[in-house]
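Asks: Got a predicted structure plus its sequence, pasted below:
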Amino acid sequence: MNVLFVMTDQHIAGCTGYENHPHALTPNMDRLAASGVRFRHCYTANPICTPTRVSILSGQYCHNHGYFGLDGPTPARLPSFLGHFKQHGYRTAAVGKLHLPNQPREWAREDCDLYLDIMNVNNDGLTYLSYLKQHGHEGDFDASWLIDAPTRDNNPRDARPSNMPFEHSVEGYATRHAIDFIDDAADRGQPFCMEVSYHRPHQVYTPDKRFWDMYPDDLPLPPFALDDAPDRPPHFRRMAEGGRRMEPLYEPKTMEERYRRVWRGYLACITHCDHGLGLLMDHLEARGLADNTVVVYSADHGAYSGLFGVPEKAPGICSEQVCRIPSVWRVPGLTPPDRESRRLAHIVDLAPTLVSLCGLPGMDWVDGCDLTPLLRGGDAPLRDVAVTEHPWSKSVRWDHWRLVHYQRAMFPGQDTGELYDLDADSWEQRNLYHDAEHQPTVQEGRRRLLEWLIATTRHVTSLPVLRDDDGRPLPQAADGKQSNAYSEDARLSQNLNYL
């Protein structure tokens, strides 16, 4: 089968029609969900772009691939699932905002027959800017900054409609190239595997005006948008306070109306991206490819977009708004229609699942689970926890609980943490971390987190050396590390004191 993976940047999972959001307009995401399986509890690897995008393509947790920042050197030995598909006869592509390690070269470029990183203004982005000039939009690029703002900072301090229609936006440009790639692969008679990555709804919030106009001027703010969040950790409160001090750019220049414009712009950016997804799905149907193409929609992480006054996503690990992501799958001949799975899933599950669905050999370097049993309509759990990680803080979700662990050195002299009962408190308004009656749950979360970290960490070498039935050493994974799929004998022998 073909693979079309569409990803947006900073899409709050609950902001969709299929999750019954009261205002978000997502007809094409809803159409996809109605024809497949959606995961209600899917989590990201990291609350910022590059680490999660490395996790998506590699199928590894951040503590194994080692990327926690927004840039860095190109991975030396880490394969991607796009390269795996290419090695097995697929035409492969990555188009849109790719945001991968690129020093001195883009990590996945060699894995793709088409690699187009539109937001990289030092490379493919220059071609896009030239395109805008040719179409009379020179100086109208407003995806990264508000061009009428006093300074070109990256603060999402306000929102307005874009100066460009969807056709010429980053998303429209990516969609057009993706459609051309689909046609080229079909004309060649080859299967394709493609990632289409939209920049929005990441700030700044400048959607096509027709999508902005779908939302009213008096759009209601989300619950608790103007609250002080007193139960949140110190760095969250500082971020919220800083957001409240931002000066509005447009009239009316009140804090509440600025929040309302940002929220309106954010939702309209989701609708803007939803339109692109719809164009891609329509084209698959027009070319007769819909019945032979796996379609997946997801996001790299969520955002706040004004909630509690936090303008963007940092410090994201504090909230479900950032850690939980949309995940919708349509697999022809496999997924039952309009099914919601409430089992835990994770963004690292994408790569091994796609490989399994397409009947390719497995990838020995991935950490994720194959979601195929859940996509078939099963309900047996595949994982006990879902973890989102920063270097010094981790969020662990299990059952109906979410615990955030902070190293004590982050907040000297304080015991800082977060615990939420998501069944009783879906907006995470009551932090139970310090409640005496919930201390057993705090300790349970820490135990689960520690066991997950130990069980999933890959090593370059380990004792004992693992061997097959003929006594030969088992090979290392393609990334040069060993997995922790130890046999029972190997686990027992780890207790020996090797010197």
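Replies: Alright, I've got the coordinates.

Asks: Show me what counts as buried in the helix of greatest length in the chain.
Replies: If you go by DSSP state H, the chain has its longest helix at helix 255-286. Within helix 255-286, the residues scored as buried using 16 or more other C-beta atoms under 10 Å are 257-281, 283-284. The way it works is simple: take the backbone N, C-alpha and C, and place the C-beta from them, glycine included.

Asks: And it, how far out from the chain middle?
Replies: With C-alpha atoms, centre = their mean, to the nearest Å as the basis, helix 255-286 stands 16 Å off its chain's centre.

Asks: Show the subsequent helix or strand relative to that helix.
Replies: strand 293-299 (DSSP states H and E).

Asks: Show which residues not belonging to that next one make contact with it.
Replies: Contacts with strand 293-299, where a contact means C-beta atoms under 8 Å, 6 or more residues apart in numbering, come from 1-11, 13, 29, 32, 36, 42, 44, 277, 281, 284, 325-332, 347, 350, 354, 357-358.

Asks: Okay, now the unreliable bits of the protein?
Replies: 151-156, 463-466, 474, 484-499 (pLDDT under 70).

Asks: center of it, which residue is that?
Replies: Closest to where the C-alpha atoms of the chain average out (C-alpha atoms, centre = their mean) is residue 300, at 1.4 Å.

Asks: So what does the closest residue to residue 338 other than its chain neighbours have for phi and psi?
Replies: Distances taken as C-beta to C-beta, 6 or more residues apart in numbering place residue 34 nearest to residue 338, at 4.9 Å, with adjacent residues excluded. Backbone dihedrals for residue 34, given as degrees, to the nearest 10, come out at phi -70, psi -20.

Asks: Buried by neighbour count, from the contacts of strand 293-299: which ones?
Replies: 1-11, 13, 29, 32, 36, 42, 44, 277, 281, 284, 325-332, 347, 350, 354, 357-358.

Asks: Mind checking which of these land in strands?
Replies: Of the positions in these, 2-9, 42, 325, 327-330 sit in strands, assigned by DSSP state E.

Asks: Tell me the one of those nearest residue 17?
Replies: Proximity of those to residue 17 (C-beta to C-beta) peaks at residue 328, which lies at 11.6 Å.

Asks: on that earlier part again, can you put the ones in strands among the buried ones among the contacts of strand 293-299 in a markdown table and add distance to residue 169?
Replies: Below are those laid out as a markdown table (distance: C-beta to C-beta, whole Å):
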| residue | distance to residue 169 |
| --- | --- |
| 2 | 25 |
| 3 | 24 |
| 4 | 20 |
| 5 | 20 |
| 6 | 15 |
| 7 | 16 |
| 8 | 13 |
| 9 | 14 |
| 42 | 27 |
| 325 | 22 |
| 327 | 25 |
| 328 | 23 |
| 329 | 26 |
| 330 | 25 |
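
Asks: sorry, back to before: could you check how far the residue nearest to the centre of the chain is from residue 238?
Replies: With distances taken as C-beta to C-beta, to the nearest Å, residue 300 is found 25 Å from residue 238.

Asks: Please verify my assumption that the residue nearest to residue 338 contacts residue 337.
Replies: Yes - using C-beta atoms under 8 Å, residue 34 makes contact with residue 337 at a distance of 6.3 Å.

Asks: one step back: so who does the residue nearest to the centre of the chain touch?
Replies: Residues counted as contacts of residue 300 (C-beta under 8 Å, 6+ apart) are 7-10, 44, 49, 52-53, 56, 325, 347.

Asks: Strands along this protein, start to end?
Replies: So, for the chain - with DSSP E - the strands run 2-9, 37-43, 91-96, 114-117, 192-201, 293-299, 324-325, 327-330, 339-346, 386-389, 393-398, 401-406, 417-421.

Asks: so which of the ones you listed gets nearest residue 148?
Replies: strand 192-201 (18.4 Å).

Asks: Tell me which strands that closest one pairs with, and in which orientation.
Replies: Applying DSSP bridges, strand 192-201 is found paired with strand 2-9 (parallel), strand 91-96 (parallel).

Asks: Residue 342: which of those strands is closest?
Replies: Nearest to residue 342, of the strands paired with strand 192-201 and by C-beta to C-beta, is strand 2-9 at 22.3 Å.

Asks: For the closest one, C-alpha coordinates in PDB please.
Replies: Extracted as PDB, the C-alpha positions of strand 2-9 are listed here (Å, rounded to 0.1, in the frame of the first residue of the first chain):
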ATOM      1  CA  ASN A   2       0.900   3.700  -0.400                       C
ATOM      2  CA  VAL A   3       1.400   5.800   2.700                       C
ATOM      3  CA  LEU A   4       0.300   9.400   3.200                       C
ATOM      4  CA  PHE A   5       1.300  10.800   6.600                       C
ATOM      5  CA  VAL A   6       0.000  14.400   7.200                       C
ATOM      6  CA  MET A   7       1.300  16.300  10.200                       C
ATOM      7  CA  THR A   8       0.600  19.700  11.600                       C
ATOM      8  CA  ASP A   9       2.600  21.700  14.200                       C
END
